[in-house]
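Return atomic coordinates for the entry below.
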Amino acid sequence: MKRTIINIVLILTIFIIYLLQLNFFNWFTIAGVMPNLFIILVLFIGLFTSKNLGIIYGISIGLALDLLTSQTVGVTAVAFGLVGLLATIFDKNFSKDNRITIIFIVTASTILAETFIYLLNYVFLDSNINILAFVKILAIETLYNIILSIILYPLIQRAGYYIENEYKGNRILTRYF
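Here you go, the predicted model:
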């Protein structure tokens, strides 16, 4: 029963983040670049739940975003699925209590996802590649995601440990071995 409620809350969170991305962050862009809160959400789900759930939510969120906003279906889904997988790898190798570690995780995930999306869109859409503009956008988006994850992390951490206790149980020592 608790897992069902957790999944309903996560789905509601997806809708709230979509509305924030669509409405609120259009007003607060830096050089025309918005943060990607979905990367932070998929990281959160992958870090604090099971490996499969992080990947499933990543693919589902990416597929929904592809259907709603993209020209190519599946690119964002694969990228977010990789972020969900990467989050489970980070969960096994790094501590979630240190903010510097979280900054590293958010940075690596944002760079990986956006680079993957950019390269696959280049391949599938056969568009011109502009490395300088991409690096500028990537740097701003990564910085934006880092700032938002630092601000939101106390809330994420509190909710995450509750969800982790439900999905993984109290296996603190065994997760490091």
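
Please count neighbours and contacts with C-alpha atoms only from this point.
OK.

residue nearest the centroid of the protein?
I39 (1.8 Å; CA atoms, centre = their mean).

would you say that residue is within a strand?
No - secondary structure of I39 (DSSP: H, G, I helix; E, B strand; the rest coil): helix, not part of a strand.

Let me see the contact set for it.
By CA atoms under 8 Å, 6 or more residues apart in numbering, the residues touching I39 are 80, 83, 106, 109-110, 113.

which residues of the chain score low on pLDDT?
Along the chain, segments meeting pLDDT under 70 span 170-177.

Okay, the closest residue to F116 other than its chain neighbours and I40: tell me how far apart.
The shortest distance from F116 to any non-neighbouring residue, by CA to CA, 6 or more residues apart in numbering, is to A79 (6.3 Å). Counting by CA to CA, to the nearest Å, the separation of A79 from I40 is 13 Å.

And for Y162?
When Y162 is compared with I40 (using CA to CA), they lie 18 Å apart.

go on, I89?
15 Å.

More neighbours: those two, which one.
A count of neighbours by other CA atoms under 10 Å puts I40 above the other of I89 and I40, at 23 against 14.

Check the gap between that one and Y153 for me.
In terms of CA to CA, I40 sits 10 Å off from Y153.

Dihedrals phi and psi, V9?
Reported as degrees, to the nearest 10, the phi and psi values for V9 are phi -60, psi -40.

ok, it - how many residues close by?
By other CA under 10 Å, the residues close to V9 number 12.

let's have the chain start at 43 instead
Sure, I'll start numbering at 43, so the last one becomes V51.

how about the helices of this protein, start to end?
Per DSSP state H, the chain carries helices over the ranges 44-61, 79-90, 93-111, 117-135, 141-167, 173-210.

Name the residues of the fourth one that come out as buried.
This points to helix 117-135. 117-130, 132-133 (16 or more other CA atoms under 10 Å).
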